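J.: Quick one, what's the 3D model for this:
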Amino acid sequence: MLYFILDFDLTSQDWWNSTSFANYYRTWNVVVHDWLYYYVYRDFLWLSQKRFRAVAMLFVFTVSAVVHEYILAICFGFFYPVLFCLFMCFGMMFNFILHDQRKGPIWNVIMWTALFLGQGVIICLYSQEWYAQRYCPLKEPSFLELVTPRSWSCQRPDGGL
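T.: Below you'll find the predicted structure:
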C-alpha cells in the first residue's frame, strides 16, 4: 500500500495547471468526480441508452450544485442560491467554452482569473446575506419570506444595509 502511494503519478492530477474547466472539474476533487461519473453520469446514459450526453452532463452539474447549495444552507442557516446559480450559469458556460482543446498557459490564467472572480462574488454576496439575516428580522415568518433573500429588501432605519 505504501509503495502505491509513493508511486502515484501526480502529473495526471495537476489540477492547478488545468487549461480548461472540464479538466479542472475532473481533477480538483477526484473522489467526487469519480462518484458523479460512475453513479450519475454513466447511469443516466445507461437509462437514456446513450442518447442524451449533454443532458447527462447538465444533470451532473445540477446534482453537484444542489448538494453544494444544501451544504452551504446547512452551514450558514439560510438558503441563498448564489452558488447554485454560478454553477449552473457560469460553470456550465465555462465548461463548454474553456474545453479540453484549449492549451497553453494563457488559458490557465483565464481559468484561474474566472475562479478568483467567482470566489469573490460568492464571498461578497453570502456575507451581505448573512449580515441581512442577522440584523433584519422577518416581518412574518412565511415560506416566501424564508426563501426570499433578506438582503434584497433589508432596510435599517439607521441607514445601514
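
J.: all contacts plus neighbour counts: C-alpha atoms, from now on.
T.: OK.

J.: does the residue nearest in space to the middle of the chain sit in a helix, a strand or a coil?
T.: To find the centre residue of the chain, average its C-alpha atoms and take the closest one (Cα atoms, centre = their mean): that gives Phe87, at 4.3 Å. State at Phe87, reduced to three classes by DSSP: H, G, I helix; E, B strand; the rest coil: helix.

J.: which other helices and strands contact the lengthiest helix in the chain?
T.: Ranked by residue count under DSSP state H, the longest helix found in the chain is helix 105-135. For helix 105-135, the contact count by 3 or more Cα pairs under 8 Å, 6 or more residues apart in numbering; DSSP states H and E identifies helix 82-86 as packing neighbours.

J.: And the contacts of whichever helix or strand comes after the helix it packs on?
T.: For helix 82-86, the following helix or strand on the C-terminal side (DSSP states H and E) is helix 92-97. Applying Cα atoms under 8 Å, 6 or more residues apart in numbering, the contact partners of helix 92-97 are 20-22, 58, 61.

J.: Look up how far Thr113 lies from Val31.
T.: Using Cα to Cα, to the nearest Å, Val31 is found at 25 Å from Thr113.

J.: any weak-confidence spans in the protein?
T.: Low-confidence segments of the chain (pLDDT under 70): 1-13, 156-161.

J.: swap the cut-off to 80 and go again
T.: 1-13, 96-100, 102, 139-140, 146, 155-161 (pLDDT under 80).

J.: Compute the number of surrounding residues for Ile122.
T.: For Ile122, the tally of surrounding residues (other Cα atoms under 10 Å) stands at 15.
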